[in-house]
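Student: the following block contains a protein sequence and its predicted model.
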Amino acid sequence: MSELVQHVRALGDNLFSKRTGLLSLWQELAENFYPTRADFTTTRYIGAEMASGLMTSAPVLAHRNLGNAFGAMLRPSAKEWFKPRSERPDKEDTEAKQYLDWLKKLLKNAMYDSSAGLARATKEADMDFACFGQAVLQSVLFRPADGSTPHLHHRCHHLRDTAWMENEIGVVDTVFRKWSPTAMTLKNLFRKTVHANVTKLLEKTPYAEVNCWHVVVPRSLYETFPGAKTYRQPFVSLYIDCDNEHLLEEVPQWVNGYIIPRWQTVSGSQYAHSPATVAALPDARLLQSITGVLLESGEKAVNPPMVAVQDAVRGDIPVYAGGVTWIDADYDERTGEALRPMASDHKGLSFGLDLIQDLRLQLQESFFLNKLNLPPQGGPDMTAYEVGQRVQEFIRNTLPLFEPMEMEYNARLCETDLQILMRADMSIAARAPKSMRNANVEFSFESPLREAMDKAKVGQFLEAGQVITQAIQLDPAAGFIVDGAKAARDVLTAVVPADWMRTEDESENMRRNAVAQQKQEQVLALMEKAGGVAKVASEAAANTAKTSGLSAEMAA
């Protein structure tokens with residue numbers, strides 16, 4: 001075993017051992033909210049009933065609805081949910097906008113290719129994110145063995161099998177992942193470097209699993225390992241055969257490849273948690289317990305326990321429909337009934353049902369499901385101020401939900417995929433115009449939160465219009481305070497699609513043409529008016545001359 005493998009194994013064992021207690025918490029959360037993922041501390045066999053210990057599905061449904069909402073609201077495949085932009089928007093010219101628009105189409109086609117697996121990976125990651133507050137996604141450039149065109153591929157990995165570290169600024173840059181491929185798979189992937197023991201295993205049991213690790217570390221950390229090589233790429237990928245303590249592959253790479261979105265973190269830990277399940281776990285446990293008690297009480301109410309006199313009842317007591325219980329003919333019932341239902345009080349059933357309803361509402365609130373819609377509308381006569389306040393309330397309620405998803409999840413996913421594509425095809429970067437050569441590409445996203453923020457401008461615009469209308473009555477100069485064209489353009493971005501709007505240059509040219517045409521019409525009107533005046537003057541002069549001639553003739 002090389003010193004490098006020894007050092008990496010020691011670091012990985014330390015990370016996995018420190019995370020052991022967290023697996024118990026994740027197991028508890030999964031058993032209550034995500035039964036299909038409840039295999040952190042137990043082994044699940046195919047065909048095992050996943051929710052056998054649950055009395056009600058309400059917590060599972062609440063988690064499912066939140067997980068589904070992430071994809072439906074933040075990454076709808078039918079919409080352009082992401083948009084590349086320059087880090088210097090003030091430098092974006094027409095060529096830059098055209099390049100970014102082409103880049104958006106290129107990236108979306110690559111991400112939603114049928115072989116990319118994005119929908120499956122993000123669906124699994126959304127469910128992990130909702131339940132555990134974090135997920136592990138991996139983006140790679142998959143090169144098929146048949147030599148066909150390489151393409152993006154996405155996978156979601158089990159939290160149980162991964163451990164990670166943060167760097168000094170709190171960014172996850174070191175990832176350890178446990179992996180158990182078969183001997184046949186390992187031989188196909190690493191034909192030249194596979195260990196001799198795996199080759200022997202392949203001859204006898206080709207489907208036997210081999211314990212391996214995939215490790216991605218930053219170059220700065222890798223250079224501290226004994227036997228490290230010199231690379232210029234920022235990350236190094238290591239594949240290790242743990243059963244044989246053997247290094248299978250060591251390659252540098254430009255991107256980490258792992259995207260680990262985290263919802264709510266706490267200082268001192270690289271692992272996050274879900275505020276939804278933290279708040280809902282006590283209610284979920286109580287709801288399961290109360291449901292079990294009510295089911296038992298309801299069963300007793302419908303099929304009550306019986307009291308029988310010994311030696312008076314012959315045989316068993318059939319309590320099913322049509323059942324007959326035989327009583328000894330010599331028994332005298334004047335001393336008491338030989339068989340009667342045991343007295344029990346069922347008045348608490350209605351109270352328990354009310355408590356269950358209250359717990360279900362609490363689950364809805366814990367999972368933010370009551371925050372995903374706009375607050376109820378006050379009425380048809382709502383003012384612009386009331387509309388704006390309603391939108392602001394929606395933003396305040398959903399900001400803790402959408403903001404981490406946009407920055408930690410969607411942004412990192414898009415940036416990673418774009419970097420992989422640009423490194424695989426250098427012509428993508430070469431196509432960039434001069435204004436984009438030294439600028440990084442960032443992303444903005446379409447989401448209900450972003451739409452609400454944009455629509456808040458509509459309320460501000462309407463409110464400003466009302467204020468200016470009142471101000472003009474006091475001072476007509478108030479109408480020149482706000483740049484109406486700029487304000488309208490900013491507001492319309494939230495109301496109509498961008499391709500409905502003309503560019504600033506087109507609008508400015510049309511404005512200038514309208515002003516020039518208006519001036520021309522004014523000149524023509526003045527000329528026409530001047531011509532009319534001249535005509536009237538000439539006619540008046542002619543009439544004056546004619547009158548003067550007649551007067552002279554009369555005088556003669």
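Tutor: Looks like it arrived, so ask away.
Student: switch to C-alpha atoms for all contacts and neighbour counts from now on
Tutor: OK.
Student: on the three-state scheme, residue 237 is what?
Tutor: Put simply, residue 237 is strand when judged by DSSP: H, G, I helix; E, B strand; the rest coil.
Student: Three-state assignment for the residue lying closest to it once chain neighbours are set aside, please.
Tutor: Of all residues not flanking residue 237 in the chain, residue 216 sits nearest, at 4.6 Å (CA to CA, 6 or more residues apart in numbering). Under three-state DSSP, the three-state class of residue 216 is strand.
Student: what's around residue 216, how many residues?
Tutor: 26 (other CA atoms under 10 Å).
Student: may I have the beta-bridge partners of it?
Tutor: Assessed by DSSP bridges, residue 216 has beta-bridge partners residue 175, residue 237.
Student: run the chain-centre distance for stretch 330-340.
Tutor: Relative to the chain's own centre, stretch 330-340 is displaced by 69 Å; criterion: CA atoms, centre = their mean, to the nearest Å.
Student: typed the wrong thing, it's stretch 252-267
Tutor: Taking mean C-alpha positions (CA atoms, centre = their mean), stretch 252-267 and its chain are 15 Å apart.
Student: need the residues that contact that stretch.
Tutor: By CA atoms under 8 Å, 6 or more residues apart in numbering, the residues outside stretch 252-267 that reach it are 129, 133-140, 172-173, 175, 216-217, 231, 233-237, 271-275, 404-405, 408-409, 412-413, 416, 419-420, 423.
Student: of those residues, buried ones?
Tutor: By neighbour count, with 16 or more other CA atoms under 10 Å, these hold 129, 133-140, 172-173, 175, 216-217, 235-237, 271-275, 404-405, 408-409, 412-413, 416, 420 as buried.
Student: give me the below-cutoff pLDDT ranges for the stretch 451-556 of the chain.
Tutor: Within the stretch 451-556 of the chain, the ranges that satisfy pLDDT under 70 run 451-459, 489-501, 503-504, 530-556.
Student: repeat that for 50
Tutor: Across the stretch 451-556 of the chain, residues meeting the criterion (pLDDT under 50) sit at 550, 556.
Student: can you give me the helices in it?
Tutor: All helices of the stretch 451-556 of the chain, identified by DSSP state H, counting those that start in this stretch, fall at 484-492, 504-555.
Student: and what of the stretch 51-200 of the chain?
Tutor: For the stretch 51-200 of the chain, the helices defined by DSSP H, counting those that start in this stretch occupy 58-74, 94-111, 118-132, 183-189, 196-204.
Student: for the stretch 301-450 of the chain, same thing?
Tutor: Under DSSP H, counting those that start in this stretch, the stretch 301-450 of the chain gives helices at 348-366, 384-404, 411-424, 427-430, 448-474.
Student: need those helices in CSV (columns: distance to residue 75).
Tutor: Listed next are these as CSV, based on distance: least, CA to CA, whole Å:
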stretch, distance to residue 75
helix 348-366, 22
helix 384-404, 11
helix 411-424, 11
helix 427-430, 24
helix 448-474, 11
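Student: out of the ones you listed, which comes closest to residue 179?
Tutor: Closest of the helices of the stretch 301-450 of the chain to residue 179 is helix 411-424, at 22.2 Å (criterion: CA to CA).
Student: between that closest one and helix 118-132, how big is the angle?
Tutor: 150 degrees (axes from the mean of the first three to the mean of the last three CA atoms, to 10 degrees).
Student: which helices and strands sit right next to helix 411-424?
Tutor: helix 94-111, strand 136-142, strand 258-259, strand 441-445 (3 or more CA pairs under 8 Å, 6 or more residues apart in numbering; DSSP states H and E).
Student: nearest to residue 319, of these?
Tutor: Using CA to CA, the nearest of the helices and strands packed on helix 411-424 to residue 319 is strand 136-142, at 54.1 Å.
Student: tell me the angle that closest one makes with helix 411-424.
Tutor: Going by the same axes, to 10 degrees, strand 136-142 makes 20 degrees with helix 411-424.
Student: could I get the average pLDDT for strand 136-142?
Tutor: Strand 136-142 carries an average pLDDT of 95.
Student: same thing with stretch 212-224?
Tutor: 96.
Student: off-centre distance for that stretch?
Tutor: For stretch 212-224, the separation from the chain centroid amounts to 29 Å (computed by CA atoms, centre = their mean).
Student: in that stretch, what's buried?
Tutor: Buried, per 16+ other CA under 10 Å, within stretch 212-224: 212, 213, 214, 215, 216, 217, 218, 219, 222.
Student: max pairwise distance over those residues: which two?
Tutor: Of all pairs drawn from the buried residues of stretch 212-224, the widest gap by CA to CA lies between 212 and 219 and measures 21.5 Å.
Student: where does the prediction get shaky in the stretch 301-450 of the chain?
Tutor: Using pLDDT under 50, the stretch 301-450 of the chain has no residue that qualifies.
Student: go again with 90.
Tutor: 301-355, 368-408, 425-450 (pLDDT under 90).
Student: ok so, going back, could the helices of the stretch 51-200 of the chain go into a markdown table alongside distance to residue 445?
Tutor: Formatted as a markdown table, the helices of the stretch 51-200 of the chain follow (distance: least, CA to CA, whole Å):
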| stretch | distance to residue 445 |
| --- | --- |
| helix 58-74 | 8 |
| helix 94-111 | 12 |
| helix 118-132 | 16 |
| helix 183-189 | 37 |
| helix 196-204 | 47 |
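Student: how about those helices, which one is nearest residue 312?
Tutor: Nearest to residue 312, of the helices of the stretch 51-200 of the chain and by CA to CA, is helix 58-74 at 46.8 Å.
Student: mind listing what's buried along the closest one?
Tutor: Buried residues in helix 58-74 (16+ other CA under 10 Å): 58-60, 62-67, 69-71, 74.
Student: now swap in stretch 481-490 and tell me
Tutor: By neighbour count on 16+ other CA under 10 Å, the buried set for stretch 481-490 is empty.
Student: show me the chain divided up by domain.
Tutor: 3-42+56-77+112-271, 274-300+349-369, 305-343, 384-501 (automatic domain parsing).
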